[in-house]
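Student: Structural data only, the sequence is not supplied:
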Ligand SMILES: Cc1cc2nc3c(=O)[nH]c(=O)nc-3n(C[C@H](O)[C@H](O)[C@H](O)COP(=O)(O)O)c2cc1C
Ligand SMILES: C=C(O[C@@H]1CC(C(=O)O)=C[C@@H](OP(=O)(O)O)[C@H]1O)C(=O)O
(Lines give C-alpha, C1' and ligand atoms only; values in the text may rest on other atoms or scores of the structure.)
(Ligands and ions follow the chains in the order given, each with its own letter.)
Protein backbone atom coordinates (compact mmCIF):
# COMPACT_ATOMS: atom_id res chain seq x y z
CA UNK A 1 0.00 0.00 0.00
CA UNK A 2 1.34 3.40 -1.01
CA UNK A 3 0.65 6.30 1.37
CA UNK A 4 2.24 9.45 2.72
CA UNK A 5 1.93 12.08 5.41
CA UNK A 6 3.33 15.59 5.53
CA UNK A 7 4.23 17.72 8.55
CA UNK A 8 5.61 21.19 9.13
CA UNK A 9 4.54 24.80 9.59
CA UNK A 10 4.85 27.59 7.05
CA UNK A 11 7.39 29.50 9.18
CA UNK A 12 8.76 26.53 11.10
CA UNK A 13 12.18 25.02 10.43
CA UNK A 14 11.12 22.62 7.68
CA UNK A 15 8.47 20.58 5.89
CA UNK A 16 8.65 16.81 5.91
CA UNK A 17 6.98 14.09 3.86
CA UNK A 18 7.16 10.40 4.79
CA UNK A 19 6.40 8.11 1.86
CA UNK A 20 5.54 4.54 2.73
CA UNK A 21 5.26 1.72 0.19
CA UNK A 22 7.57 3.08 -2.51
CA UNK A 23 8.89 -0.05 -4.27
CA UNK A 24 12.58 -0.91 -4.15
CA UNK A 25 14.77 -0.18 -7.15
CA UNK A 26 13.27 3.15 -8.20
CA UNK A 27 16.01 5.55 -9.33
CA UNK A 28 15.54 8.86 -7.51
CA UNK A 29 16.91 11.99 -9.13
CA UNK A 30 16.94 14.76 -6.51
CA UNK A 31 17.63 17.27 -9.30
CA UNK A 32 14.26 16.32 -10.79
CA UNK A 33 12.49 16.85 -7.45
CA UNK A 34 14.25 20.23 -7.09
CA UNK A 35 13.15 21.19 -10.59
CA UNK A 36 9.50 20.60 -9.66
CA UNK A 37 9.98 22.43 -6.34
CA UNK A 38 11.39 25.37 -8.29
CA UNK A 39 8.46 25.36 -10.70
CA UNK A 40 6.04 25.40 -7.75
CA UNK A 41 7.74 28.50 -6.39
CA UNK A 42 7.42 30.29 -9.69
CA UNK A 43 4.70 31.59 -11.97
CA UNK A 44 3.86 35.26 -12.35
CA UNK A 45 1.91 36.66 -9.40
CA UNK A 46 3.80 35.16 -6.46
CA UNK A 47 4.56 37.37 -3.43
CA UNK A 48 7.62 38.32 -1.36
CA UNK A 49 8.03 34.96 0.38
CA UNK A 50 9.17 33.29 -2.81
CA UNK A 51 12.06 35.76 -2.96
CA UNK A 52 13.25 34.37 0.38
CA UNK A 53 12.83 30.65 -0.21
CA UNK A 54 14.92 28.52 -2.52
CA UNK A 55 13.38 25.08 -2.13
CA UNK A 56 15.38 21.91 -2.54
CA UNK A 57 14.91 18.43 -1.12
CA UNK A 58 17.00 16.50 1.37
CA UNK A 59 16.41 12.75 1.50
CA UNK A 60 17.02 11.40 4.98
CA UNK A 61 15.81 7.79 4.62
CA UNK A 62 14.82 5.06 2.20
CA UNK A 63 17.30 5.83 -0.59
CA UNK A 64 20.86 4.53 -0.99
CA UNK A 65 23.11 5.22 -3.95
CA UNK A 66 20.25 6.97 -5.72
CA UNK A 67 17.92 3.94 -5.51
CA UNK A 68 14.97 3.32 -3.21
CA UNK A 69 15.43 0.37 -0.84
CA UNK A 70 11.75 -0.37 -0.08
CA UNK A 71 12.00 1.38 3.33
CA UNK A 72 10.00 4.57 4.04
CA UNK A 73 11.38 7.54 2.11
CA UNK A 74 11.67 10.77 4.11
CA UNK A 75 11.85 14.05 2.22
CA UNK A 76 12.72 17.34 3.93
CA UNK A 77 12.38 20.85 2.50
CA UNK A 78 13.83 23.56 4.74
CA UNK A 79 12.20 26.96 5.24
CA UNK A 80 14.78 29.71 4.85
CA UNK A 81 12.27 32.13 6.40
CA UNK A 82 12.63 30.19 9.67
CA UNK A 83 15.66 32.39 10.45
CA UNK A 84 13.27 35.37 10.61
CA UNK A 85 10.62 33.53 12.61
CA UNK A 86 12.47 31.26 15.03
CA UNK A 87 11.59 33.39 18.08
CA UNK A 88 7.88 33.42 17.20
CA UNK A 89 7.76 29.78 16.09
CA UNK A 90 10.00 28.19 18.75
CA UNK A 91 8.40 25.13 20.30
CA UNK A 92 9.88 25.72 23.75
CA UNK A 93 8.43 27.80 26.63
CA UNK A 94 10.46 30.89 25.59
CA UNK A 95 8.64 31.43 22.29
CA UNK A 96 7.57 35.02 21.61
CA UNK A 97 3.85 34.27 21.29
CA UNK A 98 2.71 37.89 21.52
CA UNK A 99 4.56 39.83 18.83
CA UNK A 100 3.03 38.18 15.76
CA UNK A 101 -0.37 37.28 17.20
CA UNK A 102 -3.14 37.15 14.58
CA UNK A 103 -6.64 38.02 15.88
CA UNK A 104 -8.28 39.52 12.75
CA UNK A 105 -9.46 36.53 10.67
CA UNK A 106 -9.17 36.83 6.88
CA UNK A 107 -12.42 36.07 5.03
CA UNK A 108 -11.78 33.08 2.77
CA UNK A 109 -8.87 31.70 4.79
CA UNK A 110 -8.95 28.97 7.46
CA UNK A 111 -8.36 31.51 10.27
CA UNK A 112 -11.75 31.87 11.98
CA UNK A 113 -13.07 28.34 11.60
CA UNK A 114 -9.68 26.91 12.58
CA UNK A 115 -9.68 29.11 15.71
CA UNK A 116 -13.15 27.86 16.66
CA UNK A 117 -12.32 24.24 15.93
CA UNK A 118 -8.98 24.09 17.77
CA UNK A 119 -9.78 26.65 20.47
CA UNK A 120 -7.16 29.30 19.58
CA UNK A 121 -7.30 33.04 20.13
CA UNK A 122 -4.04 33.46 18.20
CA UNK A 123 -4.83 32.36 14.66
CA UNK A 124 -1.12 32.03 13.88
CA UNK A 125 -1.66 28.53 15.27
CA UNK A 126 -4.11 27.98 12.40
CA UNK A 127 -2.50 29.76 9.47
CA UNK A 128 0.88 28.14 9.97
CA UNK A 129 -0.47 24.75 8.96
CA UNK A 130 -3.38 25.77 6.71
CA UNK A 131 -0.90 27.75 4.58
CA UNK A 132 -0.16 26.39 1.13
CA UNK A 133 3.51 26.31 2.09
CA UNK A 134 2.64 22.67 2.87
CA UNK A 135 2.32 22.06 -0.86
CA UNK A 136 6.14 22.10 -1.15
CA UNK A 137 6.11 18.77 0.72
CA UNK A 138 3.35 17.46 -1.53
CA UNK A 139 5.27 18.41 -4.66
CA UNK A 140 8.37 16.65 -3.32
CA UNK A 141 6.28 13.51 -2.66
CA UNK A 142 4.51 13.75 -6.00
CA UNK A 143 7.85 14.08 -7.80
CA UNK A 144 8.86 10.65 -6.48
CA UNK A 145 5.57 9.19 -7.76
CA UNK A 146 6.16 10.96 -11.05
CA UNK A 147 9.55 9.31 -11.47
CA UNK A 148 7.87 5.95 -10.91
CA UNK A 149 5.23 6.76 -13.55
CA UNK A 150 7.82 7.99 -16.03
CA UNK A 151 9.70 4.68 -15.79
CA UNK A 152 6.45 3.07 -16.93
CA UNK A 153 5.98 5.46 -19.86
CA UNK A 154 3.37 7.67 -18.17
CA UNK A 155 3.83 11.45 -18.45
CA UNK A 156 1.78 14.36 -17.17
CA UNK A 157 1.77 18.13 -17.39
CA UNK A 158 -0.34 20.98 -15.99
CA UNK A 159 -1.39 23.87 -18.22
CA UNK A 160 -2.99 27.09 -16.92
CA UNK A 161 -6.05 27.63 -19.11
CA UNK A 162 -7.67 30.60 -17.36
CA UNK A 163 -6.65 33.51 -15.11
CA UNK A 164 -9.55 35.65 -13.94
CA UNK A 165 -11.65 36.24 -17.06
CA UNK A 166 -8.79 35.55 -19.54
CA UNK A 167 -9.11 32.13 -21.19
CA UNK A 168 -6.50 30.28 -23.27
CA UNK A 169 -7.26 28.60 -26.60
CA UNK A 170 -7.39 24.78 -26.53
CA UNK A 171 -3.97 23.27 -27.27
CA UNK A 172 -4.21 19.81 -28.84
CA UNK A 173 -0.51 18.95 -28.38
CA UNK A 174 1.36 15.76 -27.55
CA UNK A 175 2.99 15.40 -24.12
CA UNK A 176 6.41 16.79 -25.07
CA UNK A 177 5.14 19.79 -27.09
CA UNK A 178 2.62 20.67 -24.39
CA UNK A 179 5.33 20.53 -21.73
CA UNK A 180 7.65 22.69 -23.86
CA UNK A 181 4.94 25.31 -24.38
CA UNK A 182 4.04 25.37 -20.67
CA UNK A 183 7.68 25.69 -19.59
CA UNK A 184 8.09 28.63 -21.97
CA UNK A 185 5.38 30.68 -20.29
CA UNK A 186 5.78 32.65 -17.07
CA UNK A 187 2.18 31.77 -16.16
CA UNK A 188 2.61 28.10 -17.25
CA UNK A 189 0.07 28.52 -20.06
CA UNK A 190 0.69 26.72 -23.37
CA UNK A 191 -1.04 29.50 -25.35
CA UNK A 192 1.52 32.33 -25.76
CA UNK A 193 -1.02 35.06 -26.59
CA UNK A 194 -3.19 34.23 -23.61
CA UNK A 195 -0.06 34.16 -21.40
CA UNK A 196 0.55 37.85 -21.95
CA UNK A 197 -3.11 38.73 -21.31
CA UNK A 198 -3.01 36.64 -18.11
CA UNK A 199 0.05 38.54 -16.87
CA UNK A 200 -1.81 41.81 -17.47
CA UNK A 201 -4.84 40.48 -15.58
CA UNK A 202 -2.64 39.65 -12.57
CA UNK A 203 -0.88 43.06 -12.74
CA UNK A 204 -4.22 44.88 -12.81
CA UNK A 205 -5.48 42.98 -9.76
CA UNK A 206 -2.26 43.67 -7.86
CA UNK A 207 -2.35 47.39 -8.71
CA UNK A 208 -5.68 47.76 -6.91
CA UNK A 209 -4.73 45.59 -3.91
CA UNK A 210 -6.81 42.66 -5.16
CA UNK A 211 -6.18 39.00 -6.06
CA UNK A 212 -7.23 36.70 -8.88
CA UNK A 213 -7.92 32.98 -9.41
CA UNK A 214 -8.19 30.76 -12.45
CA UNK A 215 -8.24 27.25 -13.89
CA UNK A 216 -5.49 24.75 -14.68
CA UNK A 217 -5.75 21.57 -16.72
CA UNK A 218 -3.76 18.41 -16.06
CA UNK A 219 -3.23 15.99 -18.94
CA UNK A 220 -1.82 12.49 -18.42
CA UNK A 221 -0.46 10.49 -21.37
CA UNK A 222 0.36 6.78 -21.57
CA UNK A 223 -1.91 5.30 -18.88
CA UNK A 224 -3.04 1.71 -19.32
CA UNK A 225 -6.80 1.08 -19.26
CA UNK A 226 -8.24 -0.23 -16.00
CA UNK A 227 -6.77 1.88 -13.17
CA UNK A 228 -9.43 2.47 -10.49
CA UNK A 229 -12.65 0.48 -10.35
CA UNK A 230 -16.43 0.67 -10.48
CA UNK A 231 -16.69 -2.11 -7.91
CA UNK A 232 -16.70 0.16 -4.85
CA UNK A 233 -17.39 3.90 -4.88
CA UNK A 234 -14.22 4.80 -2.98
CA UNK A 235 -12.18 3.04 -5.66
CA UNK A 236 -13.36 5.15 -8.60
CA UNK A 237 -10.44 6.85 -10.33
CA UNK A 238 -12.37 10.05 -11.03
CA UNK A 239 -13.57 10.25 -7.41
CA UNK A 240 -10.05 9.82 -6.11
CA UNK A 241 -8.45 12.28 -8.51
CA UNK A 242 -11.15 14.87 -7.83
CA UNK A 243 -10.55 14.41 -4.09
CA UNK A 244 -6.80 14.84 -4.55
CA UNK A 245 -7.24 18.04 -6.57
CA UNK A 246 -9.90 19.44 -4.22
CA UNK A 247 -7.53 18.91 -1.31
CA UNK A 248 -5.23 21.62 -2.68
CA UNK A 249 -5.70 24.92 -0.84
CA UNK A 250 -8.13 27.27 -2.66
CA UNK A 251 -9.32 24.70 -5.25
CA UNK A 252 -13.12 24.96 -5.47
CA UNK A 253 -14.10 22.88 -8.49
CA UNK A 254 -12.87 19.90 -10.52
CA UNK A 255 -13.91 18.71 -13.96
CA UNK A 256 -13.13 15.50 -15.84
CA UNK A 257 -13.15 15.68 -19.65
CA UNK A 258 -16.09 17.74 -20.92
CA UNK A 259 -17.00 18.29 -17.24
CA UNK A 260 -19.79 20.79 -16.58
CA UNK A 261 -20.26 21.39 -20.32
CA UNK A 262 -21.46 17.77 -20.65
CA UNK A 263 -24.63 18.71 -18.77
CA UNK A 264 -25.76 20.95 -21.64
CA UNK A 265 -25.31 18.63 -24.62
CA UNK A 266 -27.02 15.46 -25.83
CA UNK A 267 -25.62 11.97 -25.30
CA UNK A 268 -25.16 11.55 -29.05
CA UNK A 269 -22.82 14.57 -29.09
CA UNK A 270 -20.96 13.67 -25.93
CA UNK A 271 -20.06 10.00 -25.80
CA UNK A 272 -16.86 8.88 -27.48
CA UNK A 273 -17.51 6.22 -30.13
CA UNK A 274 -15.36 3.10 -29.95
CA UNK A 275 -13.15 1.80 -32.80
CA UNK A 276 -10.73 -1.10 -33.18
CA UNK A 277 -7.38 -1.36 -34.93
CA UNK A 278 -5.92 -4.82 -35.43
CA UNK A 279 -2.41 -3.58 -34.53
CA UNK A 280 -3.09 -1.24 -31.62
CA UNK A 281 -6.44 -2.44 -30.24
CA UNK A 282 -9.42 -0.35 -29.12
CA UNK A 283 -9.41 3.44 -29.50
CA UNK A 284 -11.68 6.48 -29.62
CA UNK A 285 -11.46 9.47 -31.96
CA UNK A 286 -12.80 11.91 -29.38
CA UNK A 287 -12.10 12.20 -25.65
CA UNK A 288 -15.04 13.94 -24.00
CA UNK A 289 -14.82 11.36 -21.21
CA UNK A 290 -11.40 12.77 -20.31
CA UNK A 291 -9.90 9.27 -20.22
CA UNK A 292 -12.18 7.86 -17.52
CA UNK A 293 -15.26 5.66 -17.93
CA UNK A 294 -16.92 3.71 -15.13
CA UNK A 295 -14.41 5.00 -12.58
CA UNK A 296 -11.50 3.48 -14.55
CA UNK A 297 -8.86 4.86 -16.90
CA UNK A 298 -9.94 3.89 -20.43
CA UNK A 299 -6.54 4.22 -22.12
CA UNK A 300 -7.16 7.69 -23.60
CA UNK A 301 -5.27 10.69 -22.14
CA UNK A 302 -6.63 11.87 -18.78
CA UNK A 303 -7.98 15.42 -18.88
CA UNK A 304 -8.71 17.05 -15.51
CA UNK A 305 -9.38 20.69 -14.71
CA UNK A 306 -9.35 22.47 -11.35
CA UNK A 307 -10.72 25.93 -10.55
CA UNK A 308 -8.86 28.04 -7.99
CA UNK A 309 -10.54 30.89 -6.14
CA UNK A 310 -8.73 34.23 -5.75
CA UNK A 311 -6.17 34.37 -2.90
CA UNK A 312 -7.93 35.36 0.38
CA UNK A 313 -5.27 37.75 1.77
CA UNK A 314 -5.92 41.14 0.20
CA UNK A 315 -3.64 44.15 0.58
CA UNK A 316 -6.88 46.21 0.54
CA UNK A 317 -8.50 44.00 3.16
CA UNK A 318 -12.14 43.08 3.61
CA UNK A 319 -14.07 43.66 6.82
CA UNK A 320 -13.94 41.15 9.61
CA UNK A 321 -14.32 40.97 13.41
CA UNK A 322 -11.44 41.09 15.92
CA UNK A 323 -11.44 37.93 18.01
CA UNK A 324 -10.16 39.82 21.07
CA UNK A 325 -13.02 42.33 21.44
CA UNK A 326 -15.57 41.33 18.71
CA UNK A 327 -15.29 44.80 17.16
CA UNK A 328 -15.46 45.29 13.36
CA UNK A 329 -11.99 45.77 11.82
CA UNK A 330 -10.13 45.25 8.56
CA UNK A 331 -8.78 41.72 8.09
CA UNK A 332 -5.12 40.99 8.81
CA UNK A 333 -2.78 41.83 5.95
CA UNK A 334 -0.01 39.27 5.59
CA UNK A 335 2.63 39.35 2.87
CA UNK A 336 0.87 37.42 0.12
CA UNK A 337 0.61 36.13 -3.43
CA UNK A 338 -1.62 37.97 -5.93
CA UNK A 339 -2.17 34.84 -8.02
CA UNK A 340 -0.92 31.31 -7.40
CA UNK A 341 -2.74 29.43 -10.17
CA UNK A 342 0.55 28.52 -11.96
CA UNK A 343 1.98 27.20 -8.67
CA UNK A 344 -1.25 25.31 -7.95
CA UNK A 345 -0.97 23.70 -11.38
CA UNK A 346 2.40 22.21 -10.35
CA UNK A 347 0.81 21.02 -7.09
CA UNK A 348 -2.01 19.53 -9.20
CA UNK A 349 0.53 17.56 -11.22
CA UNK A 350 2.02 16.25 -7.97
CA UNK A 351 -1.22 15.11 -6.34
CA UNK A 352 -2.45 13.52 -9.57
CA UNK A 353 0.88 11.71 -10.02
CA UNK A 354 0.65 10.39 -6.47
CA UNK A 355 -2.92 9.14 -6.86
CA UNK A 356 -2.09 7.46 -10.16
CA UNK A 357 0.90 5.72 -8.59
CA UNK A 358 -1.40 4.47 -5.80
CA UNK A 359 -3.95 3.05 -8.24
CA UNK A 360 -1.21 1.61 -10.42
CA UNK A 361 0.35 -0.27 -7.51
CA UNK A 362 -3.11 -1.43 -6.44
CA UNK A 363 -3.63 -3.00 -9.85
CA UNK A 364 -0.15 -4.39 -10.50
CA UNK A 365 1.27 -4.88 -7.00
CA UNK A 366 4.97 -5.63 -6.62
CA UNK A 367 7.72 -4.68 -4.18
CA UNK A 368 10.37 -3.94 -6.79
CA UNK A 369 10.37 -1.80 -9.89
CA UNK A 370 11.47 -4.84 -11.89
CA UNK A 371 8.29 -6.73 -10.94
CA UNK A 372 6.09 -3.73 -11.66
CA UNK A 373 7.67 -3.01 -15.04
CA UNK A 374 7.29 -6.64 -16.14
CA UNK A 375 3.63 -6.71 -15.11
CA UNK A 376 2.79 -3.39 -16.77
CA UNK A 377 4.57 -4.43 -19.98
CA UNK A 378 2.68 -7.74 -20.06
CA UNK A 379 -0.62 -5.96 -19.47
CA UNK A 380 0.07 -3.47 -22.26
CA UNK A 381 0.59 -6.43 -24.63
CA UNK A 382 -2.66 -7.98 -23.43
CA UNK A 383 -4.49 -4.65 -23.98
CA UNK A 384 -3.38 -4.59 -27.63
CA UNK A 385 -4.18 -8.22 -28.28
CA UNK A 386 -7.62 -8.50 -26.71
C1 LIG B 1 0.33 27.53 -4.21
C2 LIG B 1 -0.64 28.31 -3.35
C3 LIG B 1 -0.26 29.54 -2.83
C4 LIG B 1 -1.15 30.26 -2.03
N5 LIG B 1 -0.75 31.48 -1.56
C6 LIG B 1 -1.56 32.17 -0.74
C7 LIG B 1 -1.17 33.43 -0.21
O8 LIG B 1 -0.08 33.92 -0.47
N9 LIG B 1 -2.04 34.06 0.62
C10 LIG B 1 -3.27 33.54 0.93
O11 LIG B 1 -4.01 34.15 1.66
N12 LIG B 1 -3.67 32.36 0.42
C13 LIG B 1 -2.85 31.66 -0.40
N14 LIG B 1 -3.27 30.46 -0.91
C15 LIG B 1 -4.63 29.99 -0.64
C16 LIG B 1 -4.87 29.60 0.82
O17 LIG B 1 -3.87 28.70 1.27
C18 LIG B 1 -6.25 28.96 0.98
O19 LIG B 1 -7.24 29.78 0.40
C20 LIG B 1 -6.56 28.75 2.46
O21 LIG B 1 -5.70 27.74 2.96
C22 LIG B 1 -8.02 28.35 2.75
O23 LIG B 1 -8.34 27.15 2.14
P24 LIG B 1 -9.55 27.03 1.07
O25 LIG B 1 -9.38 28.18 0.13
O26 LIG B 1 -9.31 25.71 0.41
O27 LIG B 1 -10.83 27.10 1.80
C28 LIG B 1 -2.42 29.73 -1.73
C29 LIG B 1 -2.80 28.49 -2.26
C30 LIG B 1 -1.93 27.79 -3.07
C31 LIG B 1 -2.34 26.45 -3.64
C1 LIG C 1 5.03 29.98 1.43
C2 LIG C 1 4.30 29.64 0.39
O3 LIG C 1 3.08 30.12 0.11
C4 LIG C 1 2.45 30.87 1.08
C5 LIG C 1 1.01 30.42 1.12
C6 LIG C 1 0.21 31.28 1.98
C7 LIG C 1 -1.10 30.78 2.36
O8 LIG C 1 -1.77 31.45 3.17
O9 LIG C 1 -1.53 29.73 1.86
C10 LIG C 1 0.66 32.52 2.37
C11 LIG C 1 1.99 33.07 1.99
O12 LIG C 1 2.94 32.84 3.03
P13 LIG C 1 3.71 34.03 3.76
O14 LIG C 1 2.71 34.61 4.69
O15 LIG C 1 4.88 33.41 4.47
O16 LIG C 1 4.15 34.98 2.67
C17 LIG C 1 2.52 32.35 0.78
O18 LIG C 1 3.84 32.77 0.51
C19 LIG C 1 4.75 28.66 -0.59
O20 LIG C 1 3.97 28.40 -1.51
O21 LIG C 1 5.87 28.13 -0.47
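Tutor: The structure has been received and is ready for your questions. Since the model is a prediction, treat every value here as computed from it, not as a measurement. Numbers count the residues shown, from 1 in each chain. Ligands and ions are numbered 1, 2, ... in the order given.

Student: Can you get me a residue count around residue 179?
Tutor: By other C-beta atoms under 10 Å, 19 other residues sit near residue 179. Just so you know, the C-beta spots here come from the backbone N, C-alpha and C atoms, and that holds for glycine as well.

Student: cool, the one 4 residues further on as well?
Tutor: Per other C-beta under 10 Å, the neighbour tally for residue 183 reads 11.

Student: show me what contacts it?
Tutor: Residues near residue 183 by C-beta atoms under 8 Å, 6 or more residues apart in numbering: none.

Student: Tell me how far it lies from residue 38.
Tutor: Separation of residue 183 from residue 38 (C-beta to C-beta, to the nearest Å): 11 Å.

Student: just residue 115 next, same as before
Tutor: Distance from residue 115 to residue 38, by C-beta to C-beta: 34 Å.

Student: Quick one: list the elements packing against the helix or strand harbouring residue 150.
Tutor: Using DSSP states H and E, residue 150 sits within helix 135-151. Contacts defined by 3 or more C-beta pairs under 8 Å, 6 or more residues apart in numbering; DSSP states H and E place helix 135-151 against strand 3-7, strand 14-20, helix 30-41, strand 73-78, strand 155-163, helix 341-364, helix 369-385.

Student: Export these to JSON lines and append columns for distance to residue 291.
Tutor: Converted to JSON lines, the helices and strands packed on helix 135-151 look like this (distance: least, C-beta to C-beta, whole Å):
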{"stretch": "strand 3-7", "distance to residue 291": "24"}
{"stretch": "strand 14-20", "distance to residue 291": "26"}
{"stretch": "helix 30-41", "distance to residue 291": "22"}
{"stretch": "strand 73-78", "distance to residue 291": "28"}
{"stretch": "strand 155-163", "distance to residue 291": "11"}
{"stretch": "helix 341-364", "distance to residue 291": "11"}
{"stretch": "helix 369-385", "distance to residue 291": "14"}
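
Student: so when I look at residue 307, I'm seeing a strand, right?
Tutor: Yes. The assignment for residue 307 is a strand, going by DSSP: H, G, I helix; E, B strand; the rest coil.

Student: pretty sure it is touching residue 250, no?
Tutor: No. Residue 307 is not in contact with residue 250 according to C-beta atoms under 8 Å; the separation is 9.4 Å.

Student: how about the helices and strands packed on helix 135-151, which one is nearest ligand 1?
Tutor: Shortest distance between ligand 1 and the helices and strands packed on helix 135-151, using C-beta to the nearest ligand atom, is found for helix 341-364: 3.8 Å.

Student: right, is that closest one up against ligand 1?
Tutor: Yes. Applying C-beta under 6 Å from any ligand atom, one finds that helix 341-364 is in contact with ligand 1 at 343-344, 347.

Student: Just want the angle from that helix to helix 30-41.
Tutor: 130 degrees (axes from the mean of the first three to the mean of the last three C-alpha atoms, to 10 degrees).

Student: Buried residues, helix 341-364. List them.
Tutor: Using 16 or more other C-beta atoms under 10 Å as the test for burial, helix 341-364 gives 341-361, 363-364.

Student: For residue 115 and residue 38, indicate the residue with more neighbours.
Tutor: Per other C-beta under 10 Å, whichever of residue 115 and residue 38 has more neighbours is residue 115, with 20 against 14.

Student: Enumerate every residue touching that one.
Tutor: 105, 121, 123, 125-126, 323.

Student: ok now the strand or helix carrying it, how far from the chain's centre?
Tutor: Here residue 115 sits within helix 111-118, counting by DSSP H and E. Put simply, helix 111-118 sits 25 Å off its chain's centre (C-alpha atoms, centre = their mean, to the nearest Å).

Student: Would you tell me which residues of the stretch 101-250 of the chain are close to ligand 1?
Tutor: So the stretch 101-250 of the chain meets ligand 1 at 108-110, 130-132, 135, 248-250 (C-beta under 6 Å from any ligand atom).

Student: biggest separation within these, which pair?
Tutor: 108 and 135 (17.3 Å; C-beta to C-beta).

Student: List the residue ranges of the stretch 51-200 of the chain that fall below the pLDDT cut-off.
Tutor: Along the stretch 51-200 of the chain, segments meeting pLDDT under 70 are nowhere present.

Student: For ligand 1, what's its nearest residue on it.
Tutor: Counting by C-beta to the nearest ligand atom, the stretch 51-200 of the chain gets nearest to ligand 1 through residue 132 (3.3 Å).

Student: For that residue, give me its contacts.
Tutor: Residue 132 touches 248-250, 340, 343-344, 347, counting by C-beta under 8 Å, 6+ apart.

Student: Next, it: phi, psi?
Tutor: Dihedral angles of residue 132 (phi, psi; degrees, to the nearest 10) stand at phi -70, psi 0.

Student: Likewise for residue 339?
Tutor: phi -150, psi 130.

Student: who in the stretch 251-386 of the chain is up against ligand 2?
Tutor: 334-337.

Student: Counting neighbours, which of those residues comes out on top?
Tutor: Within those, most neighbours by other C-beta under 10 Å means residue 337, with 21 neighbours.

Student: Just give the closest residue to that one, not the sequence neighbours.
Tutor: residue 47 (4.4 Å; C-beta to C-beta, 6 or more residues apart in numbering).

Student: Residue 338 is in contact with that neighbour, correct?
Tutor: Yes. With contact defined as C-beta under 8 Å, residue 47 and residue 338 form a contacting pair (6.9 Å).

Student: Give me the neighbour count for residue 377.
Tutor: Neighbours around residue 377, by other C-beta under 10 Å: 12.

Student: do residue 193 as well
Tutor: 11.

Student: and what of residue 131?
Tutor: 17.

Student: Residue 25 versus the spatially closest residue to it that is not a sequence neighbour, what's the distance?
Tutor: Excluding the flanking residues, the one nearest residue 131 by C-beta to C-beta, 6+ apart is residue 10, at 3.8 Å. Computed as C-beta to C-beta, the residue 10 to residue 25 distance reads 35 Å.
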